[in-house]
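1. what shape does this take:
(chains A, B, C, D, E and F)
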Number of protein chains: 6
Amino acid sequence: MRILVANVNTTTSMTDSIAAQARSVAAPGTEIIPITPRFGAESCEGNFESYLAAVAVMDAISNYPEPFDAVIQAGYGEHGREGLQELLDVPVVDITEAAASTAMFLGYKYSVVTTLDRAVPLIEDRLKLAGLDARCASVRASGLAVLELEEDPGRAVESIVRESELAVTQDRAEVIVLGCGGMAGLNDKVRERTGVPVVDGVAAAVTIAESLVRLGLSTSKVRTYAPPRPKKVTGWPITGPGA
Amino acid sequence: MRILVANVNTTTSMTDSIAAQARSVAAPGTEIIPITPRFGAESCEGNFESYLAAVAVMDAISNYPEPFDAVIQAGYGEHGREGLQELLDVPVVDITEAAASTAMFLGYKYSVVTTLDRAVPLIEDRLKLAGLDARCASVRASGLAVLELEEDPGRAVESIVRESELAVTQDRAEVIVLGCGGMAGLNDKVRERTGVPVVDGVAAAVTIAESLVRLGLSTSKVRTYAPPRPKKVTGWPITGPGA
Amino acid sequence: MRILVANVNTTTSMTDSIAAQARSVAAPGTEIIPITPRFGAESCEGNFESYLAAVAVMDAISNYPEPFDAVIQAGYGEHGREGLQELLDVPVVDITEAAASTAMFLGYKYSVVTTLDRAVPLIEDRLKLAGLDARCASVRASGLAVLELEEDPGRAVESIVRESELAVTQDRAEVIVLGCGGMAGLNDKVRERTGVPVVDGVAAAVTIAESLVRLGLSTSKVRTYAPPRPKKVTGWPITGPGA
Amino acid sequence: MRILVANVNTTTSMTDSIAAQARSVAAPGTEIIPITPRFGAESCEGNFESYLAAVAVMDAISNYPEPFDAVIQAGYGEHGREGLQELLDVPVVDITEAAASTAMFLGYKYSVVTTLDRAVPLIEDRLKLAGLDARCASVRASGLAVLELEEDPGRAVESIVRESELAVTQDRAEVIVLGCGGMAGLNDKVRERTGVPVVDGVAAAVTIAESLVRLGLSTSKVRTYAPPRPKKVTGWPITGPGA
Amino acid sequence: MRILVANVNTTTSMTDSIAAQARSVAAPGTEIIPITPRFGAESCEGNFESYLAAVAVMDAISNYPEPFDAVIQAGYGEHGREGLQELLDVPVVDITEAAASTAMFLGYKYSVVTTLDRAVPLIEDRLKLAGLDARCASVRASGLAVLELEEDPGRAVESIVRESELAVTQDRAEVIVLGCGGMAGLNDKVRERTGVPVVDGVAAAVTIAESLVRLGLSTSKVRTYAPPRPKKVTGWPITGPGA
Amino acid sequence: MRILVANVNTTTSMTDSIAAQARSVAAPGTEIIPITPRFGAESCEGNFESYLAAVAVMDAISNYPEPFDAVIQAGYGEHGREGLQELLDVPVVDITEAAASTAMFLGYKYSVVTTLDRAVPLIEDRLKLAGLDARCASVRASGLAVLELEEDPGRAVESIVRESELAVTQDRAEVIVLGCGGMAGLNDKVRERTGVPVVDGVAAAVTIAESLVRLGLSTSKVRTYAPPRPKKVTGWPITGPGA
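-> Predicted coordinates:
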């Protein structure tokens, strides 16, 4: 089984760590193929960047030359999943939704802890549209930018752990979803300090994508996610096959 | 990995077909262990029977002598999952929730098609408590009792297919969840006639249980599903270990 | 008029104080008949115990040999009311619902103050299923266990009064529902300290049960609460008539 | 115990039949005192008439010279209950809310059947504000005006019975609330034809008002329903004490 | 274009400042005609006063002798807009709704900051009925009465600014709606101190009323807001044409 | 005042008719500047095309060389408004939201009538995120594609009128929002046949944009719609300034 895991920003080191995270939980026989968009922002922290990423991920996937069995869109609170579902016959799994869906099997309420405060409404909107918000206790932000996570991991870890603790003690979350890229040891630290299960979206998405493929299930094509109707589309794909 | 799959009624032929369904999708290395309650109704079609089943399943699981890695409660719209979560350290997956959660990755709205009309409110309530109802287009009933499904499969299949078609054309469901026991060929028939993906709860639950175990995740114990406090409990378990 | 008032735990002193509370508000001519389950936990503080209580109460009521006009299930946030409604032709009143329903005639928002924090989600779920949660400002817990209420009433009263005050000042509750067993003087103390009406669930349930009987109204039997269909039920009732 | 039962329109024959209905269920010792507004419309079927009625009822109650223990506002979907709660220390019960609250103890879903279609949004809004709409299956209109009910009772009964049947079969209501004035035999007819319990708002309100008085409970005065602040109010009451 | 702007209380100095506010944003060619009710309270801070105002505004508008193109009801969280819509063919705009509707074009969430705490539920209810509450972060009260705003403007401004700051920092509002009468400089002060856009309801309502007139749109008359049916209405209008 | 009105597809004849519609309601002194995306689909009828349009509109607006006072995004149920709000300091008005917001001042419930059924979920999602869905009675589709509207206007008009009638009679809409491009005479026809007000999104958006500019209000920049953080964005804008 071949699963494309698409980073939403152009920072290849983040693509690498997403791929590593995916591979660490993939079943034997699952091949993880990392995808980096050919254009867009080096990190996605708002709507402009996220809309650009939505198109850039569709562009990159459309240009991917080999067959594949599922796609994971690996960004928190990002636009674009519905477009991929229209373009593809294979299952598409968004990591925000995968994480929330998984968390709901583990506790009464879950919280998402992310980086910048301005990303909170994007995650809230994604959960609302996905119908996965009813048991979301809160979406909290550590106040750190995505790239700061890579620059000063120690401080980043500490600020995320602190918000996770507040999610458990004040918002009554029983599960934490980490809504930000993989930092070494972050999951373990949050679990230790809060005593609650910690769900990583990429890991959750890999198992869900594998499961859908194994069950022979894919996106319904009767209405919302039917293939685009044949018509003239100018300038698509944005980048050529050899780009 | 050993997964207990608990039927909620006392009809062993239904336990067998649930186990067969579970085994047909289980990953290599997953052992499916069917559980039949030691008391209760021969089919669960209402609250009295379902509450009795909740306790009977907890009783049967509590008496199970071997170690196991996860539990699946295999009834649609049944009470009891929360109790199992308190009693056990391993993940517990309810098939109503597993099916809904899976369906939400496949289409904009899903419908559940079940047997008796009186089961509809139970399923609606379970989805509401689980926070998985926002994208449920409808819960429809074929009007047939659980055991009639076994007695006259042809007619049963036809009535369920008809309700599935109405769910797609009238309620705008894009995915069908079959909220009733496994009849040979039912999934295929509904898929052919409606053109939409069909989710089977037992199958969905097996992959979710496997995924949770693989990800090292289990029920949060900090609050709602903490183990019962030590206290005097009279008459528990209901049946003895050798029953 | 004869009303069965069923305690949900096996502690007969609590059955007694519930019965006393019921009798103190019952109309002339109303006979209060206390029921204690024959098995189950000495206090109900979680789902396992509550599911067991649901079945134990159905068992005890089913074994009750005399005619009666209504049943009150006297536990906060407990499972089981729907099962009793299926088994009986007379009205069934749950005290959590009775209290909330009464509080809504008295103020814009109400709060429930209960004992253990782990009971909060059970009460929230019960109110949500009953459709009585829209004007619930909060469900707060004093942090004391049910049986501690009896052991150190002074401290128990103080901690519950304190949470009630917070419900009024912080959550803007205008009515307090006391979601825990009767302690002498508790109602009065909370009323004095908060200045808001205090609703006791047992008292509210008695007047509602009496009213339904007087109006000639009982549970609708056309669908959700129809009697169980005739079928083989093994091991029911759990205890024999002479137990 | 003395309960004021306020009609919302100026038609005294309707005040009489409301009073008769109230008396037929009142407990021994309860005195029902009918109130007719001194101005306003001969029937209330819209917002203009209902706002006028709100003030006219407050005017009439304010001018009532004797002490009383509770007030019932006897109109479906009418404005004004909150104003009475501010003006009075005794409990105020709105019949729309009383009926809905009672119906919720009897079945999974209830429907309201009223007269004119234009009254439907008023009833829906009242239930929404009261937080009693979650289990309302539908509000249906017979298409007849309030006064036609009195003129051609036979046709009125038939059209209301027909809508009640549709509420049960199509909207899955398990209880019917009759949202219109008392016609002889209407309750019985609807019950016979639909097989479900029928709740009359006036009757329900009488038992609730009696219960609140018996329990020593009245409107919370800490915030929303505090007495009007002392200030200059011109032209109030609208009518003088001797009017 | 002639727009009637109706104050809801009898204090003419407030009518004047509302009219001034309206005129300051009115388009060239728009004539603002202030209306003061002929009876009612000198300030509206609760349901009794607001219901009285609803009727007094309908009374004053009904007695207005000249033609006009739109009506603005200039009170926060007041009853009555629906009645005016029935009585009139021209558009009716409530300032609470106008402000909320405008705020939603400016930010993800908005908060309303008003005067007395007891007015908060009235505003919340109005927003809920109008279906404009989903993006309301909070309704906060400064604790000052309406008339105190005029008496000690400095203190009033400060207390409202402080609540506005809390709305932004704690409730995550991105827009502030000032739910109270016009004080000189209040808008500017709140904008400066919070850094977010500040919406004034009267100003918003003027532009909306003008827009509806310009687009040739007015209240739908097919159902909810159809003219009152012809019938006997006693004592209406409350005041005579020459009053 | 200069308002950019951005078509979301690349069909310039549609840009022209949108601009004509905008100009027909613009105030004296308002200059309407039509914008056509430089790439994307000739009509937007799904998520892929809509995401592409979101970026293409941002691209076109970013390349626009002159100053302007507001932007209107003229597509129904389209992605992208939030991105424009981040990029710009001037108000951004989405026509779906403008139409819904306007309709809510005119009737109790409104319906949107659009072209293809597959566009319905996009419109529903946009209304839900905007918090403008509570009073939406239905979103209905005529079954015609966007470009068919131009090809066979007679048939298109008829099918849209028919769905509008069903929205009024079956879904109880009191206002119709036409969720599709301007066809000559469509508004008038729907108004005549249904008897309810008909709101055109482009027209509504023009008056709202004008109002916001006149009131000196624009997008809040404190959180969700803050400008994109300074960072490396590859390949942006997609097209060069001289394209």
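2. Three-state assignment for the closest residue in space to A:Gly195 that isn't next to it in sequence, please.
-> For A:Gly195, ignoring the flanking residues on the chain, the nearest one in space by C-beta to C-beta, 6 or more residues apart in numbering or on different chains is B:Val222 at 5.6 Å. For glycine as for every other residue, the C-beta is placed from the backbone atoms N, C-alpha and C. Using DSSP: H, G, I helix; E, B strand; the rest coil, the structure places B:Val222 in coil.
3. wait, B:Val222 touches A:Ile176, no?
-> No. Counting by C-beta atoms under 8 Å, B:Val222 does not reach A:Ile176; the two are 10.9 Å apart.
4. counting neighbours, what do you get for the one residue in chain A that gets nearest to chain E?
-> Residue of chain A nearest chain E, by C-beta to the nearest C-beta: A:Pro121 (5.0 Å). A:Pro121 has 23 neighbours, counted by other C-beta atoms under 10 Å in any protein chain shown.
5. tell me how far it lies from A:Gly143.
-> For A:Pro121, the distance to A:Gly143 (C-beta to C-beta, to the nearest Å) stands at 15 Å.
6. also A:Lys231?
-> 45 Å.
7. domains in chain A, as residue ranges please.
-> A:2-95+A:203-214, A:97-201 (automatic domain parsing).
8. what's the closest of those domains to E:Pro227?
-> With C-beta to C-beta as the measure, domain A:97-201 is the member of these nearest E:Pro227 (39.6 Å).
9. and that closest one, how far apart are its ends?
-> Using C-alpha to C-alpha, to the nearest Å, the end-to-end distance of domain A:97-201 comes to 8 Å.
10. cool, stretch A:4-14 as well?
-> Stretch A:4-14 has an end-to-end distance of 15 Å (criterion: C-alpha to C-alpha).
11. still on that earlier bit, more neighbours: which of A:Lys231 and A:Gly143?
-> More crowded of A:Lys231 and A:Gly143, by other C-beta under 10 Å: A:Lys231, with 16 against 12.
12. okay, the nearest residue to the more buried one once chain neighbours are set aside: pLDDT?
-> Once flanking residues are discounted, A:Lys231 sits nearest to F:Glu42: 5.4 Å by C-beta to C-beta, 6+ apart. For F:Glu42, the model assigns a pLDDT of 96.
13. same thing with A:Gln73?
-> pLDDT recorded at A:Gln73 is 98.
14. and what of the one 10 residues further on?
-> The score at A:Gly83 is 98. That number is its pLDDT.
15. give me the phi and psi for it.
-> Main-chain dihedrals, A:Gly83, degrees, to the nearest 10: phi -70, psi -40.
16. one more: A:Pro34?
-> Dihedral angles (degrees, to the nearest 10) for A:Pro34: phi -80, psi 140.
17. can you give me the strands for chain A?
-> Counting by DSSP state E, one finds strands in chain A at the ranges A:2-7, A:31-35, A:40-41, A:70-74, A:92-94, A:110-114, A:136-141, A:175-179, A:198-200, A:233-234.
18. now do the same contact list for the closest residue to A:Ser62 other than its chain neighbours.
-> Of all residues not flanking A:Ser62 in the chain, A:Pro237 sits nearest, at 5.0 Å (C-beta to C-beta, 6+ apart). For A:Pro237, the contact set (C-beta atoms under 8 Å, 6 or more residues apart in numbering or on different chains) comprises A:Met58, A:Asp59, A:Ser62, A:Asn63.
19. what's the local residue count around the residue in chain A that chain C sits nearest to?
-> Sorted by distance to chain C under C-beta to the nearest C-beta, the residues of chain A start with A:Tyr108, at 4.9 Å. Counted with other C-beta under 10 Å, the neighbours of A:Tyr108 add up to 26.
20. I figured it hits B:Thr224, correct?
-> Yes. Using C-beta under 8 Å, A:Tyr108 is in contact with B:Thr224, at 4.0 Å.
21. shared neighbours, those two?
-> Going by C-beta under 8 Å, 6+ apart, residues that sit against A:Tyr108 and also against B:Thr224 are A:Glu174, C:Pro121.
22. the residue nearest to A:Lys231 against A:Pro230, yeah?
-> No. F:Glu42 is beyond contact range of A:Pro230, at 10.8 Å (criterion: C-beta under 8 Å).
23. neighbour count winner among those two?
-> F:Glu42 (16 against 6).
24. gap between the more buried one and chain D?
-> F:Glu42 sits 42 Å away from chain D, going by C-beta to the nearest C-beta, to the nearest Å.
25. quick one: contacts for that residue?
-> By C-beta under 8 Å, 6+ apart, the neighbours of F:Glu42 are A:Lys231, A:Lys232, A:Val233, A:Thr234, F:Asn9, F:Thr10, F:Thr11, F:Leu147.
26. for it, give its distance to E:Asn47.
-> From F:Glu42 to E:Asn47 the distance is 56 Å (C-beta to C-beta).
27. repeat for A:Asp133
-> 33 Å.
28. so these two - more neighbours on which side?
-> Taking neighbours as other C-beta under 10 Å, A:Asp133 and E:Asn47 compare with E:Asn47 leading, 29 against 17.
29. quick one: buried residues of stretch A:29-43?
-> By neighbour count with 16 or more other C-beta atoms under 10 Å in any protein chain shown, stretch A:29-43 contains the buried residues A:Thr30, A:Ile32, A:Pro34, A:Ile35, A:Thr36, A:Pro37, A:Arg38, A:Phe39, A:Gly40, A:Ala41, A:Glu42, A:Ser43.
30. dump those to TSV, plus distance to C:Ser101.
-> Below are these laid out as TSV (distance: C-beta to C-beta, whole Å):
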residue	distance to C:Ser101
A:Thr30	53
A:Ile32	54
A:Pro34	56
A:Ile35	55
A:Thr36	58
A:Pro37	55
A:Arg38	60
A:Phe39	59
A:Gly40	54
A:Ala41	53
A:Glu42	56
A:Ser43	52
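31. just to revisit the earlier point, mutual contacts of B:Val222 and A:Ile176, please.
-> Both B:Val222 and A:Ile176 are contacted by A:Val168, A:Thr194, A:Val196, under the criterion C-beta under 8 Å, 6+ apart.
32. can you report how many residues neighbour the second one?
-> A count of nearby residues for A:Thr194, using other C-beta under 10 Å, gives 24.
33. repeat for A:Arg229
-> Neighbours of A:Arg229 (other C-beta under 10 Å): 15.
34. contact partners for the closest residue to chain D within chain A?
-> Nearest residue of chain A to chain D, counting by C-beta to the nearest C-beta: A:Ala134, 13.8 Å away. A:Ala134 sits next to B:Gly131, B:Leu132, B:Asp133, B:Ala134 when contact means C-beta under 8 Å, 6+ apart.
35. ok, the residue nearest to the second one when sequence neighbours are not counted to B:Gly77 distance?
-> This means B:Leu132. Using C-beta to C-beta, 6+ apart and skipping the chain neighbours, the partner closest in space to B:Leu132 is B:Ala100 (4.2 Å). Distance of B:Ala100 to B:Gly77, computed by C-beta to C-beta: 11 Å.
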